[in-house]
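[1] Sequence first, predicted coordinates after that:
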Amino acid sequence: MSNPIEKQTSLDEQAVKDEAYMRQAMALAAQAELRGEVPVGALLVKDDSVIATGYNLSICRHDASAHAEMECIRAAGQVMENYRLLDTTLYVTLEPCAMCAGAMVHARIGRLVFGAADLKTGAAGSVVDLVRSSAFNHQLEVTAGVLAEDCGEQLSAFFRRRRQEKKALKMAEKKQGQ
Ligand SMILES: [Zn+2]
């Protein structure tokens, strides 16, 4: 049995690490935004080092599967030369969708850490929980809500800006039509 105080310290240490990795995921999300994509970023960590990163590229790639997590899982498979990403932790700024959650189960990822919950399509507890379902032969450990407010604000700011841009464009078109 480990000393409860020691255990608390290691839990705190993990929380600090989780936040640091989530900040990196947010920086990746910003890369997506620079390309006009919805800002979602992901990275995969094994033994305290980042082995792969990804960000949303669905529009640029004309590919509905090019979510941040999928990009990250694909890159990690190349690095590890294995489709099974055992003993890894995936960090992502937004709760994964059903596709990404399914890929995480297939890849046998050990732990999922996500930022903002996705109440519309989240498949790690919000709409459905595919990553902890006993119906499958693999379950992930889940830590939800790491930097949730910051991750959520990154997304809402993007959508706010996009709505304003659309509105401005419409106004300009109207003006031209007059
Ligand atoms: Zn997804």
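    In hand now; what should we look at?
[2] Assign the most centrally placed residue in the chain to one of the three secondary structure states.
    Central residue of the chain (C-alpha atoms, centre = their mean): residue 92, 2.1 Å from the mean position. With DSSP: H, G, I helix; E, B strand; the rest coil as the basis, residue 92 sits in strand.
[3] quick one: low-confidence parts of this protein?
    By pLDDT under 70, the low-scoring segments of the chain are 1-5.
[4] how about the residues of it near the ion?
    When proximity is defined by C-beta under 5 Å from the ion, the chain lies next to the ion at 67, 97, 99, 100. (Glycine included, C-beta is placed from N, CA and C.)
[5] Now do the helices in the chain.
    Under the criterion DSSP state H, the chain carries helices at the ranges 4-34, 58-61, 68-80, 98-106, 148-177.
[6] With mean neighbour count as extra columns, can I get the ones you listed in TSV?
    Shown next, in TSV, are the helices of the chain (neighbours: other C-beta atoms under 10 Å):
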stretch	mean neighbour count
helix 4-34	15
helix 58-61	14
helix 68-80	21
helix 98-106	20
helix 148-177	12
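[7] Residue 131: which of these is closest?
    Among the helices of the chain, the nearest to residue 131 by C-beta to C-beta is helix 98-106 (5.0 Å).
[8] what separates that closest one from the chain centre, distance-wise?
    Mean-position distance between helix 98-106 and its chain equals 12 Å (C-alpha atoms, centre = their mean, to the nearest Å).
[9] now stretch 66-84
    13 Å.
[10] just stretch 81-99 next, same as before
    9 Å.
[11] Output that stretch as PDB - backbone C-alpha positions only.
    Taking Å, rounded to 0.1, in the frame of the first residue of the first chain, the C-alpha atoms of stretch 81-99 are listed here in PDB:
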ATOM      1  CA  GLU A  81       5.100   1.200 -36.100                       C
ATOM      2  CA  ASN A  82       2.100  -0.400 -34.500                       C
ATOM      3  CA  TYR A  83      -1.700   0.300 -34.700                       C
ATOM      4  CA  ARG A  84      -1.900  -0.500 -31.000                       C
ATOM      5  CA  LEU A  85      -0.900   2.500 -29.000                       C
ATOM      6  CA  LEU A  86      -0.600   0.700 -25.600                       C
ATOM      7  CA  ASP A  87       0.100   2.600 -22.400                       C
ATOM      8  CA  THR A  88      -0.500   6.000 -24.000                       C
ATOM      9  CA  THR A  89      -2.600   9.000 -23.000                       C
ATOM     10  CA  LEU A  90      -4.500  11.000 -25.600                       C
ATOM     11  CA  TYR A  91      -5.100  14.700 -24.800                       C
ATOM     12  CA  VAL A  92      -7.700  16.600 -26.800                       C
ATOM     13  CA  THR A  93      -9.200  20.000 -26.300                       C
ATOM     14  CA  LEU A  94     -12.800  18.800 -27.100                       C
ATOM     15  CA  GLU A  95     -14.600  15.600 -26.100                       C
ATOM     16  CA  PRO A  96     -14.200  13.100 -28.900                       C
ATOM     17  CA  CYS A  97     -16.900  12.100 -31.300                       C
ATOM     18  CA  ALA A  98     -18.100   8.600 -31.900                       C
ATOM     19  CA  MET A  99     -15.600   8.000 -34.700                       C
END
